[in-house]
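In: Here is my input, please return the structure:
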Amino acid sequence: MEIQVRRQQRLVNLHDQENANVLKGKSNAILPIKRQGLSARGALGDLNTNAQAQRDIAIGKVAVVTAEYEKKATLNRATIKSNYSHVRSKIDTGLAAAKPIIQPSSRPPMRREESTAGLAAKAIARTKAVLKETQQNKTNDENILKPRKQDSKKPSKLSAVKEDAKPVLKEPTESLGKLKLAEPVKQDSRLEKQHPQLPPDVEDIDAGDNNSPLLMTCYIKDIYHYLTEMELKYAIEPDHLRKQSVITGKMRATLIDWLVEVQRQFSLVLETFHLTVGIIDRYLQAVPNVQRNQLQLVGVTAMFLASKYEEIYAPEVGDFVYVTDNAYSKADVFRCERDIMSKLGFCLARPIPLSFLRRFVKAAHGTSKNHHLAKYFVDLSLVEYSMAHYRPSELAAAALCLSLYLLSRKTLEAVWTPTMIYYSEYTLEHLDPIIRKIAKIVVNVKDSRYKSVYNRYLDPKLAKVSALPELKEEAIQELAKIPSTTYL
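Out: Take a look at the predicted model:
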């Protein structure tokens, strides 16, 4: 029993010592498990209580300072408010004078000082002056819009203006909804003289194309009128190789027949080939005494120029050097290119037969077969030297007339209608010698040494028109029997 009492007393003393170490802040002290009413957490709780008391004292000081600041701010706000009330009264007085439409407020009116009455009177006077000036400006604007009566005694300063000139604005526009967006436009009298009304027996082939912007119905007649002027300006003379001492018609035909193969090899469009022939003839007509060894260089350079003019992806100059079996260099082609362009005046505006042919096929309501056959006739004519002096529109009209005649089995008079005469501007009497020359070339093409065009039109994409049975029948044989030797 005594031993237990001593052990219990020893434990109590140990707990008291550990609690004292904790209060002193020793880090190696061991916290006791329990004691009656006092523990380590209880000691920390006392410490927290002291910290809370200090925090309350600090908050009290802040509250006192805040109360003093609020008191000063209230006094300042009251002073500012009194000053603002004075200014506000002046503003209200000016608004009441300037805008009498505003309804008065239900609140009692604010007190004004004695000096406010003078400011209000000045504001009212200023407002009346502004309203009067606005009305005067409005009256002046209305007078400007009205036409003025000129005094007969005093000469007018604007002598250049006609008396019957109308004002730009007759009356002020009230709303945009009353404006007319689609008013009929009066046609210019000059256009009526250039494009007279069609004869009663002529069809308007452009009447159904008004809604197509690509066909350019408003300008199509002017375009073909311009092309007609250009083919007369850059015409090829009959027997234009007479100035050449070396180059002959057969040499020219050999060159163009070879260029047909080059066109097929490079897959160039037909416009490029037609333009190439035109460049060659214009150059040979302008430059005399071209040597034999330079003729092929002129041909490939002309096709090089035409490719850059017509093609989307033109062949490179090295490709044209390659097809000549490296007989010329790139420098030679560039040198010849500069020479050709300078001799032609840097103008490649001479039209080609294909441009007219498309227009004439449309006027004749021709089929694709008619179109391909007419192109075949035109290409055969370009190789022949005796056909070089004909205008592109003449070749196109004669080739289409022959194509319509062979495929329709009608007479030439029935094929070449007044509509075709109007749009081509050629009568059947004018085209008859050209048609007979083309018929003779077609009949003799199998016996000719220049068969590149014939072979090209054996392509199924071109309807194999060069092998049509109509080209062997009696109708074309009769036309080829009576050749025309005269130049037109």
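In: Check which helices and strands the strand or helix carrying Leu255 is in contact with.
Out: Here Leu255 sits within helix 249-266, counting by DSSP states H and E. Packed against helix 249-266, as judged by 3 or more Cβ pairs under 8 Å, 6 or more residues apart in numbering; DSSP states H and E, are the following elements: helix 270-286, helix 292-310, helix 317-323, helix 368-383, helix 452-456. All C-beta spots, glycine's among them, are computed from the backbone N, C-alpha and C.
In: what's the model's confidence in the last one, averaged?
Out: If I follow you right, that is helix 452-456. Helix 452-456 comes out with an average pLDDT of 95.
In: residues in contact with Tyr457?
Out: 372, 375-376, 379, 464-466 (Cβ atoms under 8 Å, 6 or more residues apart in numbering).
In: How much space separates it from Val443?
Out: Counting by Cβ to Cβ, to the nearest Å, the gap from Tyr457 to Val443 is 15 Å.
In: Would you mind writing the CA trace of the helix or strand harbouring Ser342 as CSV?
Out: In the assignment (DSSP H and E), Ser342 maps to helix 330-343. Extracted C-alpha coordinates of helix 330-343, given in CSV (Å, rounded to 0.1, in the frame of the first residue of the first chain):
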residue,chain,number,x,y,z
LYS,A,330,18.7,29.8,-126.2
ALA,A,331,20.6,33.0,-126.9
ASP,A,332,19.7,32.6,-130.6
VAL,A,333,16.0,32.3,-129.7
PHE,A,334,16.0,35.3,-127.4
ARG,A,335,17.9,37.4,-130.0
CYS,A,336,15.3,36.4,-132.7
GLU,A,337,12.5,37.1,-130.2
ARG,A,338,13.7,40.7,-129.8
ASP,A,339,14.0,41.1,-133.5
ILE,A,340,10.5,39.8,-134.3
MET,A,341,8.9,42.0,-131.6
SER,A,342,10.7,45.1,-132.8
LYS,A,343,9.8,44.5,-136.4
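In: following it, which helix or strand comes up?
Out: Past helix 330-343, the next helix or strand by DSSP H and E is helix 353-364.
In: So, low pLDDT: which residues of this protein?
Out: 1-67, 69-123, 130, 134-196, 482-488 (pLDDT under 70).
In: how does it divide into domains?
Out: Annotated domains of the chain cover 53-93, 237-343, 353-481 [automatic domain parsing].
In: can you pull the contacts of the spatially closest residue to Asp206 that is not a sequence neighbour?
Out: With Cβ to Cβ, 6 or more residues apart in numbering as the criterion, Asp206 has its nearest non-adjacent residue at 4.5 Å, and that residue is Thr217. Residues near Thr217 by Cβ under 8 Å, 6+ apart: 206, 209-210.
In: For Thr217, what are phi and psi?
Out: Phi and psi for Thr217, reported as degrees, to the nearest 10, are phi -60, psi -30.
In: For it, give its distance to Asp204.
Out: 10 Å.
In: try Lys472
Out: Counting by Cβ to Cβ, the gap from Lys472 to Asp204 is 38 Å.
In: likewise Glu231?
Out: Glu231 is 24 Å from Asp204, by Cβ to Cβ.
In: Could you do Pro392 as well?
Out: In terms of Cβ to Cβ, Pro392 sits 24 Å off from Asp204.
In: hang on, the earlier thing: so for the helix holding Ser342, what gets flagged as buried?
Out: 332-333, 336-337, 340-341 (16 or more other Cβ atoms under 10 Å).
In: Just give me the neighbour total for Leu407.
Out: For Leu407, the count of nearby residues is 17 (other Cβ atoms under 10 Å).
In: no no, Ile256
Out: Other residues close to Ile256 by other Cβ under 10 Å number 24.
In: That one and Tyr454, how far apart?
Out: Ile256 is 14 Å from Tyr454, by Cβ to Cβ.
In: again, but for Ile220
Out: 34 Å.
In: higher neighbour count, the two?
Out: Tyr454 (18 against 14).
In: and the more buried one, how far is that from Glu425?
Out: From Tyr454 to Glu425 the distance is 31 Å (Cβ to Cβ).
In: repeat for Gly208
Out: 22 Å.
In: Who has more neighbours out of those two?
Out: Each of Gly208 and Glu425 has its neighbours counted (other Cβ under 10 Å); Glu425 has more, 14 against 10.
In: Out of the helices and strands packed on helix 249-266, which gets nearest to Leu131?
Out: helix 292-310 (71.7 Å; Cβ to Cβ).
In: List the residues that contact Asp201.
Out: By Cβ under 8 Å, 6+ apart, the neighbours of Asp201 are 418-419.
In: Tell me the spacing between it and Tyr422.
Out: From Asp201 across to Tyr422, the span is 9 Å (Cβ to Cβ).
In: With Gly299 instead?
Out: 38 Å.
In: who's more crowded, these two?
Out: Per other Cβ under 10 Å, whichever of Gly299 and Tyr422 has more neighbours is Gly299, with 25 against 15.
In: Next up, the contacts around the residue lying closest to the more buried one once chain neighbours are set aside.
Out: Once flanking residues are discounted, Gly299 sits nearest to Leu255: 4.7 Å by Cβ to Cβ, 6+ apart. Counting by Cβ under 8 Å, 6+ apart, Leu255 makes contact with 280, 295-296, 299.
In: From those residues, pick the one nearest Gly345.
Out: Using Cβ to Cβ, the contacts of Leu255 come closest to Gly345 at Ile280, 16.0 Å.
In: residues touching the closest one, list them.
Out: Per Cβ under 8 Å, 6+ apart, neighbours of Ile280: 252, 255-256, 298-299, 302.
In: Having no further points to raise, I will conclude here.
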